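Student: Provided below are the primary sequence and the corresponding predicted coordinates.
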Amino acid sequence: MTRFLKTVCALFLCAALMLCAASCGLISLRSAEAESEPGSGAYDLSVPETFAEEETEAPPPVSETPPLDEVVMPGDEKTGVEFVFAGDLLVDSHILTNAARQASEEQSYSFLRLFAGVRQTFSSADQTVGFGSSILRPRGDEDPAHVIPEEFLATLEDIGYDALDTFEPQPKDARFENHGILTFPDEGAPCVRTEANGITYTLFSVGSEEYPVAAGKTLERIESEAENAALLIVLVDWEPGSGYAEQCAAAYYMAEAGADAVIGAGDTLGRVEWLTTDDGTKTLVAYSLGNLLATGSTPEALCGAILRFKADRAEDGSVNLKNVILTPTLTHFGVNKDGYQIFPLSGYGDELAGEHAVSGVTTGGLKSFVRSIVPAEFLPYDYRG
């Protein structure tokens, strides 16, 4: 009898896990051998002399804290939309060179290890949106013939990216469309409108040249979009040098115009808060998600974040945001600009920090930095108390 019960329990657990994976949209990464053929990227990745010595073994990927998803049991329906927003991707020649080293003989690049620590969070969301200021060509490279390799775009598709805000209007790039990734703003269109699980939402991009330079026109556009979507999320590339006071004032005006969330991009991590408009409506504001991927020179420049929340309909038909969690991240790389990998900060140990190329990187120091900026209510539980 005991053996029979164990068998029944095992079968039930297996079915539940399969249903959960399907409802969360889990996407399996390709193995290194199965990665796509070399793309049409023209970037020259001959290894510089300074990198000619044998590469040290890359650190093993860590297991990130599983996202707090609702388990959908038989008979239940998936409701609402789980959103993930990620910091900026600053892809440069060092990152591309490292990816070329990690590739097999049949590949030009391999980016699988780079995102291993955050893959589950991205792939389990209904919609994953990121900032990509250097997603079209390597950072600091003005040669139009040098483009981001096809393998990088394929990896973003595999881990679950749905859209990228490139900050400035760009012509349509068929390579992104082929991988199912929407890039915006488009030339002449600052926003995109789409639907998921019965909720229509708009992603509205505001560049640093548009606000506060053309604040009036921008706010009018936001107000117009708010009338056509159940949920309006404004993504902002803040004017260089602007501080919290200026950004908070701008976010408040955007909230008054109808923004349900304002999510910013910046060089370092920014605070998170709820702003209350005159009519009592609350707007979520994350001033900066920092850099998800970067070759920075200070610990703070390497610290980014992944913002997660759920949008769900209330009984009156309105859409509310809940379960807001900001997970801090860190880009790790060694002294030879090798072993690039994005870690959730909670899974980054002191031993690995001691191998970081940037001096001053410590787990305790970075967690203190995060706590000094982001209120505890928005952080994972291991940052509280």
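Tutor: Nice, I can see it.
Student: Pretty sure Thr283 sits in a strand.
Tutor: Yes. The assignment for Thr283 is a strand, going by DSSP: H, G, I helix; E, B strand; the rest coil.
Student: if I read this right, it contacts Gly258, doesn't it?
Tutor: No. Thr283 lies out of contact with Gly258 (CB atoms under 8 Å); the separation is 9.2 Å. From N, CA and C alone the C-beta is placed, and that goes for glycine too.
Student: Okay, strands next: where are they in the protein?
Tutor: Along the chain, counting by DSSP state E, strands occupy 81-89, 127-131, 163-170, 182-186, 191-196, 199-206, 231-237, 261-265, 272-276, 282-286, 291-293, 303-313, 319-332, 341-344.
Student: Can you lay out those strands as a markdown table showing mean neighbour count and distance to Val147?
Tutor: What follows is the strands of the chain, written out as a markdown table (neighbours: other CB atoms under 10 Å; distance: least, CB to CB, whole Å):
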| stretch | mean neighbour count | distance to Val147 |
| --- | --- | --- |
| strand 81-89 | 25 | 14 |
| strand 127-131 | 25 | 18 |
| strand 163-170 | 20 | 12 |
| strand 182-186 | 19 | 13 |
| strand 191-196 | 16 | 22 |
| strand 199-206 | 22 | 21 |
| strand 231-237 | 26 | 21 |
| strand 261-265 | 24 | 21 |
| strand 272-276 | 17 | 34 |
| strand 282-286 | 21 | 30 |
| strand 291-293 | 27 | 17 |
| strand 303-313 | 23 | 23 |
| strand 319-332 | 21 | 22 |
| strand 341-344 | 23 | 22 |
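Student: And those: which comes nearest Ser359?
Tutor: Nearest to Ser359 among these is strand 319-332 (13.8 Å), distances taken as CB to CB.
Student: just checking, Ile222 touches Phe204?
Tutor: Yes. Counting by CB under 8 Å, Ile222 sits close enough to Phe204 to count as a contact (6.1 Å).
Student: re the thing from before, export the strands of the chain as JSON lines, with columns for distance to Ala250 and mean pLDDT.
Tutor: Formatted as JSON lines, those follow (distance: least, CB to CB, whole Å; pLDDT from 0 to 100):
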{"stretch": "strand 81-89", "distance to Ala250": "18", "mean pLDDT": "97"}
{"stretch": "strand 127-131", "distance to Ala250": "17", "mean pLDDT": "96"}
{"stretch": "strand 163-170", "distance to Ala250": "16", "mean pLDDT": "86"}
{"stretch": "strand 182-186", "distance to Ala250": "18", "mean pLDDT": "88"}
{"stretch": "strand 191-196", "distance to Ala250": "17", "mean pLDDT": "88"}
{"stretch": "strand 199-206", "distance to Ala250": "9", "mean pLDDT": "94"}
{"stretch": "strand 231-237", "distance to Ala250": "7", "mean pLDDT": "96"}
{"stretch": "strand 261-265", "distance to Ala250": "8", "mean pLDDT": "97"}
{"stretch": "strand 272-276", "distance to Ala250": "11", "mean pLDDT": "98"}
{"stretch": "strand 282-286", "distance to Ala250": "10", "mean pLDDT": "98"}
{"stretch": "strand 291-293", "distance to Ala250": "21", "mean pLDDT": "96"}
{"stretch": "strand 303-313", "distance to Ala250": "18", "mean pLDDT": "96"}
{"stretch": "strand 319-332", "distance to Ala250": "20", "mean pLDDT": "96"}
{"stretch": "strand 341-344", "distance to Ala250": "29", "mean pLDDT": "96"}
